[in-house]
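[1] Attaching a predicted model along with its sequence, questions to come.
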Amino acid sequence: MVRRLYEPYAHPLTRVVQGVPMSWDPVVAAVKCSYEILHAVWSPCSRFIAIDCSTEIQILDGVTLERVKSLALQRGHPQVLTFSADARLLTGLSGWSEESTSWDLQTGVPVSAISTEQEEGQWVYTEPASITYSECGTMFGVLFKRHDVTVIITYNVLSGRSVGYHQFERSVTGMIWTHGKCVRFAALEPGSITIWEVGFISEHPAAEVESLPTPGNFDLTREFLFLPTLSRLAFVLKNRIFVWDIQHSKLLLSCVDIEEPTKMTFSSDGRFFACATNGPEIYLWKDSPTGYTLHRKLMSSASKYFDPWKPLLSPDGRSILAFKDSTLQLWHTTDTSTSLSSVPTQTFQSANHFVLGFSPGEPLAAAARLGDNTATVLDLRSGVPRLKIDAGMEIYGLGVAGSTVIVVGDGRIVTWNLPQSDRVLNATTNIDDSTRTTTFDPPVAWMWLPPSASISPDFNHIAIVRVDVAQSQGLNIYDMTTGKHLAGIKSDAYATWFTPNGHELWCCCPPDKVQGWAIVKDSESDPLKMECLEPTQRPPEGCPWIHPRGYRVTDDGWIHNSNGKRLLWLPPHWRPHEMDKMWSGCFLAFLHYQLPEVVILEVLEE
């Protein structure tokens, strides 16, 4: 109804020139905190999320991720967080001998300070593993583990003093939960899992409740997760994920197509089960009469070579939260548009990197995957390819000037002419149709990675960053016409660009340093010389990932104009590092390695 009423008056502020629909992640909210997120937990009502972000505890809205309240930490960081059953209290428990705190969430004031230091003869491990509130909300129990020894200590919320102590010489699954007036926990036995319970006060001794069979021939000493409400056990063996119904001795899920599965989570009612990987994927399964079936595959902005995202399904199963470093992302699990047929099935390679060149003053761009053989010249007005080029070599640099396309490849510079008529679209060509081929002199070689190239605005020079066999002259300048080597220096640079006048060359060097050189004509025998510049001499304009008129992409994913007006919110995995985006006038390209192709936007708002 709102769309029908207001669509005639709505004017988009940006336009997607190129970008597949699967790039628009169905994430409903994302937040980037100032500090690393150490822990996160849902409230039992699924309305709130508590996060420990190093300096304070923040209470977030479970729908928008907006901050509702901040709680000051007294000392020490909580190892576990939990809400009371009515979500009125939050307890953060630190290690042994450190003071922990319970807060009243309505006032934000600490209710009590809890000391985990025990009396002589009582032992606990340094870090707690799990915590649960009693149904009445006046007590909570804490599980401490060390090898095969388990200690459960119960506390009074108001006084902060312990009211029960239980020690067991057995392996426990790592979590406790409230059942009536007792604390329950599961212990692993050969071929079975036994459920035990103790009272919140010492007068109730430990008692075995039931013993349930586990699947045979499986080693459950590695990572596993137990859902007590339905007696379901999820565990990982190599790259296989299993979910076992202990009560009915039935296998509900056996998935072998997941690469390096890590963190797992259930919703409280068991309708949903999710698992993260060491890559960008989070897999979500939904319960059915035949077992768990794949419901969605969520794409995050994680890299395979960094810590994985930690997913948390809300107790009601309607949302899934994932956090990593200082970033939170939230999805809905029950969206009507998320049937399996609409779930992206392409697995993004973490090695995807792209090269792109905009044509100065013309709505044309050339793009290719770094190291691939195919380049595409795109008409930025229509978004339709003008020309597809099979270069016959690995590509690591592109340029477009008028009707000429320049491809910098494996030891060569090759040029093509565009079809003369604008009506000629989707034309294809190969190396036989090129107009000129120039070989680098001396040849360009590398050991570990394909080099990256930058073409000067006047198309006279090419700067190449490379790692060659001799590990020397990492930055080199070549003549575009002859391929002759003009100048070179040793450098650990990994990205380079010319200033708009072509008289300076700037490079990015680890860790987050910038180096620049003035390109000076010297003599006939040595036509170019590179004179080192100070970082303070870097021009304010000319860097391809900085817009000359002040447009920018913020950390929380918004494109702003020069006045700070929000133009478009970007999906989380469209948010690249600074050097993975490129501006050219009103066009913005994303070259992020998690995307299946270059994404180009046009900013329509001026």
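    Yep, that arrived.
[2] With just CA atoms, put the helix or strand containing residue 241 into CSV.
    Taking DSSP states H and E as the criterion, the element that holds residue 241 is strand 240-245. In CSV, the C-alpha atoms belonging to strand 240-245 read as follows (Å, rounded to 0.1, in the frame of the first residue of the first chain):
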residue,chain,number,x,y,z
ARG,A,240,30.7,-33.6,8.3
ILE,A,241,27.9,-32.2,10.5
PHE,A,242,25.5,-34.6,12.3
VAL,A,243,22.4,-34.0,14.4
TRP,A,244,21.3,-37.0,16.4
ASP,A,245,17.9,-37.4,18.1
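[3] List the contacts of the following helix or strand past that strand.
    Following strand 240-245 in sequence order, the next helix or strand is strand 250-255 (DSSP H and E). Strand 250-255 has contacts (Cβ atoms under 8 Å, 6 or more residues apart in numbering) with 215, 232, 234, 240-245, 273, 283, 285, 287, 291-292, 294. (C-beta placed from N, C-alpha, C; glycine too.)
[4] From the chain's centroid, how far away is strand 250-255?
    On the basis of Cα atoms, centre = their mean, to the nearest Å, strand 250-255 sits 28 Å off its chain's mean C-alpha point.
[5] Stretch 378-391 too?
    The chain centre lies 30 Å from the centre of stretch 378-391; the measure is Cα atoms, centre = their mean.
[6] buried ones in that stretch?
    By 16 or more other Cβ atoms under 10 Å, the buried positions in stretch 378-391 come out as 378, 379, 380, 385, 386, 387, 389, 391.
[7] cool, and stretch 481-495?
    483, 485, 486, 487, 488, 489, 491, 493, 495.
[8] isn't residue 395 right up against residue 376?
    No. If you go by Cβ atoms under 8 Å, residue 395 and residue 376 don't touch, sitting 10.8 Å apart.
[9] residue ranges with poor pLDDT in the stretch 201-350 of the chain?
    216-223, 257, 299-307, 335-350 (pLDDT under 70).
[10] what is the orientation angle of whichever strand or helix holds residue 233 with strand 250-255?
    Using DSSP H and E, the element containing residue 233 is strand 232-237. Angle between the axes of strand 232-237 and strand 250-255 is 40 degrees (criterion: axes from the mean of the first three to the mean of the last three Cα atoms, to 10 degrees).
[11] Only alpha carbons, please: show strand 232-237 as CSV.
    Presented in CSV, the C-alpha positions along strand 232-237 are these (Å, rounded to 0.1, in the frame of the first residue of the first chain):
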residue,chain,number,x,y,z
ARG,A,232,19.3,-33.5,20.3
LEU,A,233,23.0,-33.8,19.9
ALA,A,234,24.9,-31.9,17.1
PHE,A,235,28.6,-32.7,16.5
VAL,A,236,31.3,-32.3,13.9
LEU,A,237,33.6,-35.0,12.5
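[12] Now it: buried residues?
    In strand 232-237, counting by 16+ other Cβ under 10 Å, buried: 232, 233, 234, 235, 236.
[13] Compute the inter-axis angle for that strand and strand 240-245.
    160 degrees.
[14] distance between strand 232-237 and the chain's centre?
    Worked out by Cα atoms, centre = their mean, strand 232-237 lies 25 Å from the chain centre.
[15] Partner strands of it and their direction?
    Sheet pairing for strand 232-237, assigned by DSSP bridges, gives strand 224-227 (antiparallel), strand 240-245 (antiparallel).
[16] sorry, back to before: can you pull the residues that touch both of residue 395 and residue 376?
    The overlap between the contact sets of residue 395 and residue 376 (Cβ under 8 Å, 6+ apart) consists of residue 368.
[17] what about the two, which has more around it?
    Taking other Cβ atoms under 10 Å, residue 395 and residue 376 do not tie; residue 395 has more neighbours (27 against 19).
[18] where are the low-confidence patches of the stretch 1-150 of the chain?
    Low-confidence segments of the stretch 1-150 of the chain, defined by pLDDT under 70, span residues 7, 9-11, 20-27, 74-77, 95-99, 115-127, 146-148.
[19] related to what we said a few turns ago, list the neighbours of the strand holding residue 233 that are in contact with it.
    Contacts of strand 232-237 (Cβ under 8 Å, 6+ apart): 193, 214, 218-220, 222-227, 241-246, 252-253, 261-262, 264, 266, 270, 273, 275.
[20] Tell me the one of the buried residues of stretch 378-391 nearest residue 416?
    residue 389 (6.0 Å; Cβ to Cβ).
[21] Skip the chain neighbours and tell me the closest residue to the closest one.
    Nearest non-adjacent residue to residue 389, counting by Cβ to Cβ, 6 or more residues apart in numbering: residue 375, 4.5 Å away.
[22] Could you do residue 368 as well?
    The nearest residue in space to residue 368 (Cβ to Cβ, 6+ apart) is residue 375, at 4.1 Å.
[23] what helix or strand is that neighbour on?
    strand 374-379.
[24] From the structure, what's the count of residues near residue 555?
    10.
[25] same thing with the one 3 residues further on?
    The criterion is other Cβ under 10 Å. On that basis, residue 558 has 16 neighbouring residues.
[26] contacting residues for it?
    By Cβ under 8 Å, 6+ apart, the contact list for residue 558 reads 566, 567, 568, 569, 570.
[27] what pairs with it across the strands?
    Taking DSSP bridges as the rule, residue 558 bridges to residue 569.
[28] Which members of the contacts of strand 232-237 are classed as buried?
    Applying 16+ other Cβ under 10 Å to these, the neighbour count classes 193, 214, 220, 224-227, 241-246, 252-253, 261-262, 264, 266, 270, 273, 275 as buried.
[29] shouldn't residue 409 be in contact with residue 389?
    No. Using Cβ under 8 Å as the test, residue 409 is too far from residue 389 to be in contact (10.5 Å).
[30] Quick check: residue 225 vs residue 131, distance?
    17 Å (Cβ to Cβ, to the nearest Å).
[31] just residue 39 next, same as before
    Taking Cβ to Cβ, one finds residue 39 at 11 Å from residue 131.
[32] cool, and residue 353?
    Residue 353 is 44 Å from residue 131, where distance means Cβ to Cβ.
[33] And these two? Which one has more around it.
    It is residue 131, of residue 353 and residue 131, that has more neighbours when counted by other Cβ under 10 Å, with 22 against 18.
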